[in-house]
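Engineer: Quick one: sequence and predicted model below, then my questions.
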Amino acid sequence: MNKLIVSSSPHIKTKHDTPRIMLDVIIALLPALIAGVVIYGIRALLVVATCVVSSVVAEFLFNLITKKEQTVFDLSAIITGLILALSLRADAPIWQCVIGSVFAIVVVKCLFGGLGCNFANPAATGRVFLLICFSSTLAGGSLPLITSNPDLVAGATPLPQIAAGAELPSLLDMFLGLRGGSIGESCILALLIGFVYLVARKVINFEVPLIMVATVFVLSLIVGGDVNVALYQVLAGGLVFGAVFMATDYVTTPITRVGKMIFAFGCGLITFLIRMYGNYPEGVSFAILFMNIISPYIEQWTKPRALGKRGNK
């Protein structure tokens with residue numbers, strides 16, 4: 001007769017541990033990284049390497065100084081560095097990349113207890129921190145080395161162009177990333193490849209990115225009344241990148257399915273409001289950070305009710 005074993009949850013486990021999941025995310029980010037280097041040049045690779053190395057070293061030194069178990073081998077620091085770097089422009093000053101990476105790892109992640117305890121997505125928060133502190137050098141995006149329309153190379157990035165009613169790159173150029181932007185956000189094709197891979201590997205659910213992007217599209221269509229403008233709002237900026245790689249973070253988003261949908265809608269709504277009425281042309285990182293803060297309340301409101309129990313209390 002087998003012995004009855006009494007233990008705390010979880011009782012159902014999976015072979016997909018943290019390093020395995022993180023490795024899948026790294027693989028999913030590779031198409032965007034490769035596209036960013038091709039579009040914006042080898043300088044983009046230096047920004048990525050700086051952010052990744054700075055993130056890993058910051059976590060290693062923090063654990064060493066505080067005499068905690070080393071956690072750099074779970075690959076989460078690499079993910080933070082990668083996502084932060086891909087949300088920056090290719091000509092970002094290296095010392096600012098280091099500051100942003102250290103802030104994301106030490107302040108947002110490690111000081112709150114490490115992976116699983118952080119209140120917000122470290123990369124998104126690091127991006128917001130850098131944008132507020134160094135807006136003169138990190139706002140907007142780099143210009144592509146290649147484009148099908150050379151006359152637009154000297155122009156601004158698409159979101160300010162949309163606001164100003166200026167001439168825009170073609171929708172095909174927007175989809176392929178042949179326009180100004182951050183390293184990893186420009187090539188939508190590469191991001192979709194990563195998205196399909198993560199869904200196929202069951203690392204993320206398709207609902208959150210789809211709802212977030214669809215919210216921005218529908219609201220832009222309602223307000224602007226133009227399908228093309230709505231499509232540009234979807235393809236421009238870091239909407240797809242943030243929806244796939246930031247809004248799907250396990251730690252800082254609700255665990256319930258309905259909660260995730262509400263979270264995604266909130267991210268899309270706030271992104272739209274900032275773009276349309278705010279001082280910043282881009283609002284994805286701000287939207288995700290705000291929704292991260294209220295994520296525990298969404299989870300509380302949407303958690304399953306215990307059998308025979310009334311209300312959520």
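Structural biologist: Happy to help now that I have it.

Engineer: where in the chain is pLDDT low?
Structural biologist: The model of the chain has pLDDT under 70 over residues 1-16, 146-167, 281, 306-313.

Engineer: all helices of it, in order?
Structural biologist: Under the criterion DSSP state H, helices of the chain are mapped to 18-40, 43-65, 76-86, 94-102, 122-133, 135-138, 158-164, 171-176, 188-200, 207-224, 227-235, 239-245, 257-277, 284-302.

Engineer: Export those to a markdown table and append columns for mean neighbour count.
Structural biologist: Backbone N, C-alpha and C define where each C-beta goes, glycine included. Converted to a markdown table, the helices of the chain look like this (neighbours: other C-beta atoms under 10 Å):
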| stretch | mean neighbour count |
| --- | --- |
| helix 18-40 | 20 |
| helix 43-65 | 20 |
| helix 76-86 | 27 |
| helix 94-102 | 20 |
| helix 122-133 | 24 |
| helix 135-138 | 13 |
| helix 158-164 | 18 |
| helix 171-176 | 17 |
| helix 188-200 | 19 |
| helix 207-224 | 19 |
| helix 227-235 | 18 |
| helix 239-245 | 29 |
| helix 257-277 | 20 |
| helix 284-302 | 20 |
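
Engineer: So which of the ones you listed is nearest Leu145?
Structural biologist: helix 18-40 (6.5 Å; C-beta to C-beta).

Engineer: What is the closest one packed up against?
Structural biologist: Contact partners of helix 18-40 among helices and strands, from 3 or more C-beta pairs under 8 Å, 6 or more residues apart in numbering; DSSP states H and E: helix 43-65, helix 76-86, helix 188-200, helix 239-245.

Engineer: Take these and write them to TSV, including distance to Lys260.
Structural biologist: Output for the helices and strands packed on helix 18-40, formatted as TSV (distance: least, C-beta to C-beta, whole Å):
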stretch	distance to Lys260
helix 43-65	26
helix 76-86	19
helix 188-200	14
helix 239-245	12
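
Engineer: mind putting the helices of the chain in CSV, distance to Gly114 included?
Structural biologist: Putting these into CSV (distance: least, C-beta to C-beta, whole Å) gives the following:
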stretch, distance to Gly114
helix 18-40, 11
helix 43-65, 8
helix 76-86, 9
helix 94-102, 15
helix 122-133, 11
helix 135-138, 27
helix 158-164, 35
helix 171-176, 38
helix 188-200, 23
helix 207-224, 24
helix 227-235, 35
helix 239-245, 20
helix 257-277, 22
helix 284-302, 16
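
Engineer: among those helices, which is nearest Lys109?
Structural biologist: Among the helices of the chain, helix 122-133 comes nearest to Lys109, with 4.7 Å by C-beta to C-beta.

Engineer: Now do the closest one against helix 43-65, angle only.
Structural biologist: Counting by axes from the mean of the first three to the mean of the last three C-alpha atoms, to 10 degrees, helix 122-133 lies at 110 degrees to helix 43-65.

Engineer: what does helix 122-133 rub up against?
Structural biologist: Contact with helix 122-133 is made by 79-80, 83-84, 87-88, 96, 99-101, 103-105, 108-109, 138-139, 242, 246, 280, 285-286, 288-289, 292, as judged by C-beta atoms under 8 Å, 6 or more residues apart in numbering.

Engineer: how distant is that helix from the center of its chain?
Structural biologist: 11 Å (C-alpha atoms, centre = their mean, to the nearest Å).

Engineer: May I have that helix exported as CSV, CA atoms only?
Structural biologist: Provided in CSV are the C-alpha atoms of helix 122-133 (Å, rounded to 0.1, in the frame of the first residue of the first chain):
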residue,chain,number,x,y,z
PRO,A,122,11.9,44.9,-14.9
ALA,A,123,12.6,45.7,-18.6
ALA,A,124,9.5,47.8,-19.1
THR,A,125,10.3,49.7,-15.9
GLY,A,126,13.9,50.2,-16.9
ARG,A,127,12.7,51.5,-20.2
VAL,A,128,10.4,54.0,-18.6
PHE,A,129,13.2,55.1,-16.1
LEU,A,130,15.6,55.7,-19.0
LEU,A,131,13.0,57.6,-21.1
ILE,A,132,12.2,59.9,-18.2
CYS,A,133,15.9,60.5,-17.2
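
Engineer: and the gap between Val223 and Arg305?
Structural biologist: Using C-beta to C-beta, to the nearest Å, one obtains 37 Å as the distance from Val223 to Arg305.

Engineer: could you list every residue that touches Leu75?
Structural biologist: Thr18, Pro19, Met22, Leu23, Ile26.
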